[in-house]
Structures are given as structure tokens and as C-alpha cells.
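S.K.: the following comprises the amino acid sequence and a computationally predicted model.
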Amino acid sequence: MPLYTDTFFTQTKYKTQRDNINPYTIEDGIVYDLKGKKLFLLIDFEKYEHLLFDRSSKCFLSAGSMFCGALKEKEIIKDEIDEVAYEIALDNILKKGETRFHWEAHKRLLNNLLKDTDFTFDYEVSSMSGIIERSVEEMPFMCSLYIKPWYPSGKGHLTLFSGKRNNYENKFIGGFLKDPFGKLLTGYKDHDGDNCFIPIEDLRKAIKGPAKSPCHIGFIKKRKK
């Protein structure tokens, strides 16, 4: 008898936030960000292109896009939503005072995508009981973490919960994440975060964010009739 069994909820393509680039415009030979701030001259593009990349704060876009990929894989939605499309759609739906870090904005965006389906998107404060409950359903879900204990300059971070490990008694002993920044338990020295395993002890620690900014899970559920 095996000591444990691994079950994966999705085979959607892994996406890394490390190659995400900030939107920009070019006018009269000058590169600007979307707020109109001058960044550099177009003739210096190769020299300063690295300034356009945002490797530290675009986890919401990569994780959100992977979540949409999982929904398409399950034939819940029809279209592939890449990171650029997700960012543009999110920017267009933000209310005054909101940023891409607000769960309510993502809820509106995802429920718009799900409007003609049998499902809705919702979120709740993370707990082990909530994670285990979602894992029983074997549907992928978004899972935010507090990564500071492993990555001192980091705080909140979003991943896609993609699988579970149960022991021989069928009890949950850990989960698998598609983490757009890499492997959490290596302090993100390993940049390949595709289906990285997190034992339950580390998962408990990772979902315990500050009281003022708790971690959350985001998931789909059957639409009420």
C-alpha cells in the first residue's frame, strides 16, 4: 500500500510572473508608462527594456490567467485568457480606489466571465478547513500566501492551488501549487513553481497572514437557482 496518493486538479499550462511586462506607449520617440510618465527614449529601448518588467507584483495576473486556463480546461468557459488580456480586463473593471490586489475586482471580472455558466466565483479568508474542503471537490482554486518567512522582502502572494496529497488513511497532508514566482520552500531560489508540493505544516504557516491583511482563497461554486 502506498504511503500517500497525489491528485492533480488541473493540467493547465504553468505561467510565471517573472516574464510579465508593464504596458507602455510610444509617442514621438519616447516610451511612456500608461500614466504618462516618461521612461526612456525609444533609441535606448534595448538598454532600458528591463525596466518594463514587473517580476514582483504581477502574481495576481499570472495566477488569475492560470485559473481561467483551468476553467477552460474544465469546459466551464470557452476562451483562453492570457496575462495581458486578464490585466486589460481587470484595469477596465476597477473602481475608484481599487487596485489589482483587491479581491472584489477579481470577483467582478471572473463572474463576468462566468455569467453564462452554472458557476459563480467567490472568495473567503483562508483556513485549513476551507482548503481541505475545496480539495475534496478536486477543483483548482486561487490561494494567497504570506511569503515573508521564506522571502523576507515579500508579503502577500497569489498562487493556483492545483492538487493535493492524501496519506494512506486518505487524510490531507499537503497541497500542490502552481506558483508564478517559483518554489516557496526554496526561498524562491528555484524559479520553477509548477506543481510544487507544500506540506500541511508549511501550508498552515503560509496562509497565516497579518490580521489587517489576511490570506484568501478564491473558488467557483454552483450557481444558486
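M.R.: Now that the structure is in, tell me what you want to look at.
S.K.: which outside residues touch the helix or strand that contains Glu133?
M.R.: Glu133 belongs to helix 128-137 when elements are defined using DSSP states H and E. With contact meaning Cβ atoms under 8 Å, 6 or more residues apart in numbering, helix 128-137 is reached by 124, 141, 143, 161, 164, 172, 175, 200, 203-204, 207, 217, 219. For the C-beta atoms, the positions are set from N, CA and C on the backbone; glycine is no exception.
S.K.: so which bits of that helix are buried?
M.R.: Gly130, Ile131, Arg134, Ser135 (16 or more other Cβ atoms under 10 Å).
S.K.: so which residue is dead centre in this structure?
M.R.: In the chain, the residue lying closest to the centroid (Cα atoms, centre = their mean) is Ala63, at 2.3 Å.
S.K.: Asp118 versus that one, what's the distance?
M.R.: Distance, Ala63 to Asp118, using Cβ to Cβ, to the nearest Å: 23 Å.
S.K.: okay, the most far-flung residue of the chain relative to its centre: pLDDT?
M.R.: Centroid-distance maximum for the chain: Asp28 at 36.3 Å, with Cα atoms, centre = their mean. Per-residue confidence at Asp28 stands at 92 (pLDDT).
S.K.: likewise the one 5 residues further on?
M.R.: With respect to pLDDT, Asp33 scores 77.
S.K.: give the bridge partners for it, please.
M.R.: Asp33 has these beta-bridge partners by DSSP bridges: Tyr24.
S.K.: helices and strands around the one helix or strand Leu109 maps to, which ones?
M.R.: Counting by DSSP H and E, the element that carries Leu109 is helix 103-113. On a contact count with 3 or more Cβ pairs under 8 Å, 6 or more residues apart in numbering; DSSP states H and E, helix 103-113 meets helix 59-73, helix 83-93, strand 119-125, strand 216-222.
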